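Chemist: Let me see the structure of the following:
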Amino acid sequence: MDKRTIIVLVATMAMLFVFQTYFMPKEAPQQPKQEAQTQPAPPPEASQSADKGTPQKAPGASPGTAAPSSAAAEKKAAKTIAVSTPYLDVMLTDLGGGISSVKLKKYKATVKGQEEKEIIENVAPYNYNPTVYQGSAQDKVYFKADKEKLDVTDTSATLTMTGDLPDGTRVKKTYTFFPDNYTIGIAVETESKTQGLYADFAVISDKNENSYVFKGPFVFDGKSLNQIDKIKETLNFNGNYQYAGFDDGFFTFIYIPEGGTKPTLTIGKTETNIPYIRLASGTNKLSGKLYFGPKKSDVLASLNQLWNRYHSSYDPYQDNLPSLERDELQKYGQDAGRSARDQETAGKIQG
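Modeler: Residues are numbered from 1 along each chain as shown. I've put the predicted structure just below:
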């Protein structure tokens, strides 16, 4: 091989090296995949029209995916605040500023066990009650409690949780606990008055281990009790209700509105079939009473005049029960050894 050929080969290789180094397009680095979140979605706009007393389909989707929370919020461990009353053991979480657990001191989870009866089941993606939204901002942020612990003995007492939504709006949740009943007062308020306030409550799962009793959401309109066995579509009751809640056979959760205009009410279910109650206040405030307790007419009647008026001669929970269901309720009390008579010092439960 002569000298000219060698020079041409060397020059060609040098040119190829320079071209590949400086002129060839570079592959773009692959972006890491983000894991999907399963938090409840911000609620849609509330429907403004519905026939009185008639549930209608509400627009929008049920809780599903939402904007991911900040990385700091995900890494920080949540703290709990314990509240004790003569009737309830309540746990609140600083992540969301809501109620994560309610146990009944006078009832046991199992016949022979010592664990107190838990009212709030596994209702993921919900982790606390209520879950609050304003616009597209959800309250899965850290709240600051004004007390680290609360024991209620003789008089009612309050616990206030304060936090800032992702958009900077400050939200305050105030809970009132009572020494003589199963209720918890709630008042939610945000600083921003430009958008309506929404609150979701989820307490029970879709699993019913006792086929003799009804389990699911219900709505009472002042005349009749609407027990919703299966949620095929989101139901919109607007303000046509006196109270609403979840029935768990022998125990119940009830939301009772207070104040002026009632928040509009919709009932739906998540993608995992968890039923939820959604309240839309239309303002920056929402309040009411939350009842966590047994389905005893004398206890429920003690809540307020509403119960006395509509339950003096009619009890939608027990007077309307089929005989088989009443037998099952009685059998539960006998087997547990902690029926209303046994667990409340051989008398009726005093609410």
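
Chemist: What segments of the stretch 251-351 of the chain are strands?
Modeler: 251-257, 264-269, 275-280, 285-294 (DSSP state E, counting those that start in this stretch).

Chemist: Q195: which of these is closest?
Modeler: Nearest to Q195 among the strands of the stretch 251-351 of the chain is strand 275-280; the distance by C-beta to C-beta comes to 10.8 Å. Using the backbone N, CA and C atoms, a C-beta is placed for each residue, glycine as well.

Chemist: Which other helices and strands does that closest one contact?
Modeler: Secondary-structure packing of strand 275-280 (3 or more C-beta pairs under 8 Å, 6 or more residues apart in numbering; DSSP states H and E): strand 197-201, strand 215-220, strand 243-248, strand 264-269.

Chemist: Next, the angle strand 215-220 makes with it.
Modeler: Here the directions of strand 275-280 and strand 215-220 differ by 30 degrees (axes from the mean of the first three to the mean of the last three C-alpha atoms, to 10 degrees).

Chemist: Tell me which strands strand 275-280 pairs with, and in which orientation.
Modeler: strand 197-201 (antiparallel), strand 264-269 (antiparallel) (DSSP bridges).

Chemist: Tell me where the stretch 251-351 of the chain is predicted with low confidence.
Modeler: 302-351 (pLDDT under 70).

Chemist: give me that answer again for 50
Modeler: Scanning the stretch 251-351 of the chain for pLDDT under 50 picks out 305-306, 308-351.

Chemist: again, but for the stretch 1-150 of the chain
Modeler: Residues of the stretch 1-150 of the chain that meet the criterion pLDDT under 50 lie in 28-29, 31-38, 45-53, 57-62, 64-72.

Chemist: if we go to 80?
Modeler: Filtered on pLDDT under 80, the stretch 1-150 of the chain yields the residue ranges 1-75.

Chemist: For it, which segments count as helices?
Modeler: Counting by DSSP state H, counting those that start in this stretch, the stretch 1-150 of the chain has helices at residues 3-22, 71-75.

Chemist: Is Y255 bridged to anything, and to what?
Modeler: Beta-bridge partners, per DSSP bridges, of Y255: A244, L290.

Chemist: Surely it touches L279?
Modeler: Yes. Contact criterion C-beta atoms under 8 Å: Y255 and L279 qualify, at 7.2 Å.

Chemist: Mind listing the shared neighbours of the two?
Modeler: Shared contacts of Y255 and L279, defined by C-beta atoms under 8 Å, 6 or more residues apart in numbering, are found at F201.

Chemist: residues near E258, how many?
Modeler: Look at E258: counted by other C-beta atoms under 10 Å, it has 13 neighbours.

Chemist: ok so, going back, for the helices and strands packed on strand 275-280, could you give me a markdown table that also reports mean neighbour count and distance to I120?
Modeler: Formatted as a markdown table, those follow (neighbours: other C-beta atoms under 10 Å; distance: least, C-beta to C-beta, whole Å):
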| stretch | mean neighbour count | distance to I120 |
| --- | --- | --- |
| strand 197-201 | 24 | 10 |
| strand 215-220 | 21 | 14 |
| strand 243-248 | 23 | 10 |
| strand 264-269 | 24 | 17 |
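
Chemist: could I get these as JSON lines with distance to K103?
Modeler: Conversion of these to JSON lines gives the following (distance: least, C-beta to C-beta, whole Å):
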{"stretch": "strand 197-201", "distance to K103": "18"}
{"stretch": "strand 215-220", "distance to K103": "19"}
{"stretch": "strand 243-248", "distance to K103": "14"}
{"stretch": "strand 264-269", "distance to K103": "25"}
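
Chemist: Out of the ones you listed, flag the one nearest I119.
Modeler: Nearest to I119, of those and by C-beta to C-beta, is strand 243-248 at 7.5 Å.

Chemist: what's in contact with that closest one?
Modeler: So strand 243-248 is contacted by 119, 201, 203-204, 214-220, 227, 237, 252-257, 265, 267, 275, 277, 291, 295, 306, 317 (C-beta under 8 Å, 6+ apart).

Chemist: Tell me the bridge partners for R278.
Modeler: Beta bridges link R278 to D200, T266 when assigned by DSSP bridges.

Chemist: Can you report how many residues neighbour K193?
Modeler: By other C-beta under 10 Å, 12 other residues sit near K193.

Chemist: got the contact list for P130?
Modeler: Neighbour list for P130: G98, I186, V188, A199, D200, F201, L279 [criterion: C-beta under 8 Å, 6+ apart].

Chemist: at 7 Å instead, please
Modeler: The neighbourhood of P130, defined by C-beta atoms under 7 Å, 6 or more residues apart in numbering, consists of G98, A199, D200, F201.

Chemist: repeat for K173
Modeler: Going by C-beta under 7 Å, 6+ apart, the list of residues near K173 reads G97, M161, V188.
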